[in-house]
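Colleague: I'd like to go over a predicted model; first the sequence, then the structure.
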Amino acid sequence: MAWYDKLAIVVGMVLFMECFAWATHKYVMHGWGWGWHRSHHEPHDGAFEKNDLYAVTFAVFVIALFGLGVMWEPVWWAALGITVYGGIYAFVHDMLVHQRFGARWVPRRGYAKRLLQAHRLHHAVKGKDGSVSFGFLFAPDPARLKRELAARTER
């Protein structure tokens, strides 16, 4: 494989994973998988929460893909793309947004601030129903999300 094919697979998988993560967050984590995800929406002590079982589950799947990738190279590069997304997710969502593991940076402007606001609006709703903004790296306009939440509250 040429380097640009490998890069295209990795970048494509990062973009795909944002779509996959959005759908999984909205329909699984806020659906039948709420039992694990609930811990992420409730106060807790300690470094870990039951919701982290999703990361463990996805990691097992990706390790299997790396194994398959030994026999079929494009799968290895796809697994690398998923891993890159996982690293970005861990940094942005866990460390920046939720300030886990000792991170304490609060963005004052730009995309990082918008991402933080969008995710906080996601957590503004208690329970699994009625949330907004299910993506992790794509941050909708916070003003639009506030209007959506207000409209849902009126209903």
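Modeller: Arrived safely.
Colleague: And what about the residue most central in space within the chain, helix, strand or coil?
Modeller: Centre of the chain computed as the mean C-alpha position; nearest residue by C-alpha atoms, centre = their mean is residue 136, 3.9 Å away. Three-state call for residue 136 (DSSP: H, G, I helix; E, B strand; the rest coil): coil.
Colleague: How about residue 101?
Modeller: helix.
Colleague: ok, how many other residues are close to it?
Modeller: Burial of residue 101 is recorded as 9 neighbouring residues (other C-beta atoms under 10 Å). Quick note: C-beta positions are derived from backbone N, CA and C, even for glycine.
Colleague: what's the closest non-adjacent residue to it?
Modeller: residue 95 (6.2 Å; C-beta to C-beta, 6 or more residues apart in numbering).
Colleague: That neighbour: neighbour count?
Modeller: Residue 95, neighbours per other C-beta under 10 Å, totals 15.
Colleague: Touching, it and residue 103? I think so.
Modeller: Yes: look at residue 95 against residue 103 with C-beta atoms under 8 Å: they come within range, at 3.9 Å.
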